[in-house]
Structure formats: C-alpha cells, structure tokens
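Asks: Here is the input, now give the coordinates:
(2 chains)
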Amino acid sequence: AQSVTQLDSHVSVSEGTPVLLRCNYSSSYSPSLFWYVQHPNKGLQLLLKYTSAATLVKGINGFEAEFKKSETSFHLTKPSAHMSDAAEYFCVVSDPARTGTASKLTFGTGTRLQVTL
Amino acid sequence: NAGVTQTPKFQVLKTGQSMTLQCAQDMNHNSMYWYRQDPGMGLRLIYYSASEGTTDKGEVPNGYNVSRLNKREFSLRLESAAPSQTSVYFCASSQTGSTDTQYFGPGTRLTVL
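Replies: Numbering: from 1, shown residues only, chains lettered A, B, ... in the order given. Sure, this is the predicted structure:
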C-alpha cells in the first residue's frame, strides 16, 4: 500500500522569502511522485513530477522538488514566494501501474500556503 | 482544446434524489477518473476507467455508479443522494501508466440537504 504525509497543514511566508512544503511518502515500489496546486475554487494543476529520472525536478512558476529515497521525502521548494503562490498544494504518489492500465493516485491532505506582504 | 470539462458546476439535491455528473475530455486519453474532495482529506478516488469499456472501483465507491460512454465521456451517477455525499467532485483523465500526468476538470460542487 502507498501513502503520503504532508507534514504541515498550513504554511505562512512573507513575499520574497523561501517556501518549503514538506512531504513524506510510503510505497512498496519505486514510486512516481507529483505536486499539484489548487487555487481557490479551481481545479488541480500539475506543478511537477518525479518519474525515476533526475532526483531534482524543476516545475512551473519557479518551484522544484527533490526526491530523497533514503528519507522517503519529496519536499517542494521555491526560492522567493509571490502573492500569486497562495493556494493549496497536494503531494501525490502513484502506484507503478502495468503498461496499459490506469494510474491510481494517493493524495496527501494538502498544505495551504499563505503569502503575506 | 478545452481539456477536461464537467457539468454542472453547482448542484443542490434533496436526500434521496438522483443525478448524473458529466465529464468529457478532448485529449484522446485512455483513462478517466472520478474523485471527491472533502475538507482536510485531500482527493479520494471513487471510480476509474482504464480504457473504453472498463470501469473499476476506487477507494470510496459506495453510493455511486459510473458509465464510460465512449472514449471521451465518463459519467458519475448518484442513485439516491445522501448528505454524506456533499462534496466537490473532480473528473480527471490521463494516458496510461503510473508516470502519466492526470489532468483535472474544474469540479462540481454538490450539496445534499
């Protein structure tokens, strides 16, 4: 079975300061990992994904995440927060589906990022 | 190219009423999914369809049925709505395989009184 733990339900940062959203995962297999962002009353948008290539993954809007197998972590970072980054962020793990089958995602409970002036 | 579309955007039902949520994608994806989102719980998979003609239960299938009408469309039906089904429902689609990105629709906000 796979699972995801987002260590903070709410993070508040000042505009221009670094962002760190923490995620630990559990998987019996080599997982695929994703970060999605959800702005208020919107659907989910992919920020970045890890699929067993480079361990440091760059995404959209200046976000990146590092896959650390020894720590079973996939933390999301951004050097400088912007007001538009305020949203809910979900860490997601995918099971290693056989070719030709659907992927089944397990979502974390989310981290709400607040950005203040 | 609209991506994943869902109708309706909002719906209010009374307990015991039925309704169908519609989802369509124009990305020629093989797999489609239905999730519900509740506060503090992330998204949970209700049903999915790996390919046209197949459907499978997810984590929380009770009280729901689905139909993969064709490759583009995947509907979710509530036969007898209950207050516990008050939630935001998201449809998603992807190609196949665990590395493929799922693309999400804008959601349907359902309230059951």
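Asks: Neighbours of residue 66, how many?
Replies: In the absence of a named chain, this looks at chain A. Per other C-beta atoms under 10 Å in any protein chain shown, the neighbour tally for A:Glu66 reads 15. C-beta coordinates here come from the backbone N, C-alpha and C atoms, glycine included.
Asks: that's the wrong chain, I wanted chain B
Replies: Residues contacting B:Val66 under the criterion other C-beta under 10 Å number 24.
Asks: Would you tell me which residues of chain B are close to chain A?
Replies: Within chain B, the positions near chain A by C-beta under 8 Å from any C-beta of the partner chain are B:4, B:30-31, B:33, B:40-45, B:48-51, B:56, B:58, B:90, B:92, B:94, B:96-107.
Asks: could you pull out the strands for chain A?
Replies: A:3-6, A:10-14, A:19-21, A:23-26, A:32-38, A:44-50, A:56-58, A:64-68, A:73-78, A:87-94, A:105-107, A:111-116 (DSSP state E).
Asks: could you redo the ones you listed as TSV and give each row distance to B:Ser75 and mean pLDDT?
Replies: Output for the strands of chain A, formatted as TSV (distance: least, C-beta to C-beta, whole Å; pLDDT from 0 to 100):
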stretch	distance to B:Ser75	mean pLDDT
strand A:3-6	28	94
strand A:10-14	35	97
strand A:19-21	34	98
strand A:23-26	32	94
strand A:32-38	23	94
strand A:44-50	20	94
strand A:56-58	35	95
strand A:64-68	35	95
strand A:73-78	34	97
strand A:87-94	24	94
strand A:105-107	20	90
strand A:111-116	31	97
